[in-house]
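A.B. asks: give the three-dimensional model of this entry:
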Amino acid sequence: MEKLSYEDFFKMAILKLRDLSKSHGIHSVFSGFNQAFREYFGEDPIKVTQELVNNGKIEIRPVKRGVMIYLPGEAPKSRADQGRKTLSIILSTPTEEVKGLVDEFLSQVALNGPKVFPEDFLEGYVDSKKMLEIVVPGTSLQIDPNSQTIVISPKRHFHYEAKNPPEAKFIIYTHKIGQRNIKIPNDNKTVFKAVTSYEKYCREILDQSYVFFLNRTNNEDMAELLTKEIEEKLDLRAKRS
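C.D. replies: Now for the predicted structure:
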């Protein structure tokens, strides 16, 4: 019978010796693992254990009279790991490991292609002759806090009163820094449908990202932080409710 590799021996030992009601790992001494390793390979398990840890094949945590041995990803977070995560939350700077989750989620979104407002949210062809064109400054725009229909520049040098709240939102969702002209469909129904569809799209992306990050980090604060990063990277103008 062909001899098991070090990695396979560790994996088989963990799966067969552990008691999941107590831990996902096994104690190197109390489980009898070290002695079993010596008898099977005729070697010292300590050196091999460290090599497998360095290669990411297993994880270990120091405990009394030995170490706990785990399969990759199943070891409890160490105090140092938790400290780094806590610090990253305080400083609003995710660790490199967590940052990779952002790219992973963005790659999933990219499969369907991130949508662009208003082009991807206008149903059918809209005749340019049936669109209202307004001239805007090259600065950022926002909706006046005191009115749902007034669009202003930060210092209020620009002031535009929309026909209704959806039209005001249409301008905000469309406008980009440096853009000087915005075309808006004259048909209120078309504007309303485009805005509503875009807001639904933004909510779905942000809700999906939050659930994705929460499942991967088990940390609500970090999930919120990473979801905010998705919002910024995809330039999602409509916020989560």
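A.B. asks: which stretches of the chain form strands?
C.D. replies: 26-27, 59-63, 66-70, 131-135, 142-143, 150-152, 159-161, 181-185 (DSSP state E).
A.B. asks: partners of the last one in the sheet?
C.D. replies: Listed by DSSP bridges, the sheet partners of strand 181-185 and their directions read strand 131-135 (antiparallel).
A.B. asks: what mean pLDDT does the strand it pairs with get?
C.D. replies: In this model, strand 131-135 has an average pLDDT of 92.
A.B. asks: list the buried residues in it.
C.D. replies: Within strand 131-135, not a single residue qualifies as buried, counting by 16 or more other C-beta atoms under 10 Å. (Each C-beta comes from the backbone N, C-alpha and C, glycine too.)
A.B. asks: right, and Val53 touches Val67 too?
C.D. replies: No - here Val53 does not reach Val67: they are 9.2 Å apart, not a contact under C-beta atoms under 8 Å.
A.B. asks: those two: who's more crowded?
C.D. replies: Higher neighbour count among Val53 and Val67: Val67, with 22 against 15, using other C-beta atoms under 10 Å.
A.B. asks: hang on, the earlier thing: okay if I get the strands of the chain as JSON lines plus distance to Leu225?
C.D. replies: JSON lines is the format used below for those (distance: least, C-beta to C-beta, whole Å):
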{"stretch": "strand 26-27", "distance to Leu225": "35"}
{"stretch": "strand 59-63", "distance to Leu225": "25"}
{"stretch": "strand 66-70", "distance to Leu225": "27"}
{"stretch": "strand 131-135", "distance to Leu225": "36"}
{"stretch": "strand 142-143", "distance to Leu225": "24"}
{"stretch": "strand 150-152", "distance to Leu225": "30"}
{"stretch": "strand 159-161", "distance to Leu225": "34"}
{"stretch": "strand 181-185", "distance to Leu225": "32"}
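A.B. asks: what is the lengthiest helix in the chain packed up against?
C.D. replies: When the chain is parsed with DSSP state H, its longest helix is helix 188-217. Other helices and strands packing on helix 188-217, by 3 or more C-beta pairs under 8 Å, 6 or more residues apart in numbering; DSSP states H and E, are helix 96-110, helix 165-174, strand 181-185, helix 220-233.
A.B. asks: distance from that helix to the middle of the chain?
C.D. replies: 14 Å (C-alpha atoms, centre = their mean, to the nearest Å).
A.B. asks: residues shared between the contacts of Val53 and Val67?
C.D. replies: Ile60 (C-beta atoms under 8 Å, 6 or more residues apart in numbering).
A.B. asks: related to what we said a few turns ago, what angle do the longest helix of the chain and helix 165-174 make?
C.D. replies: Per axes from the mean of the first three to the mean of the last three C-alpha atoms, to 10 degrees, the angle that helix 188-217 makes with helix 165-174 is 60 degrees.
A.B. asks: mind listing what's buried along helix 188-217?
C.D. replies: Buried, per 16+ other C-beta under 10 Å, within helix 188-217: 190-195, 197-199, 201-202, 205-206, 209-210, 212-214, 216-217.
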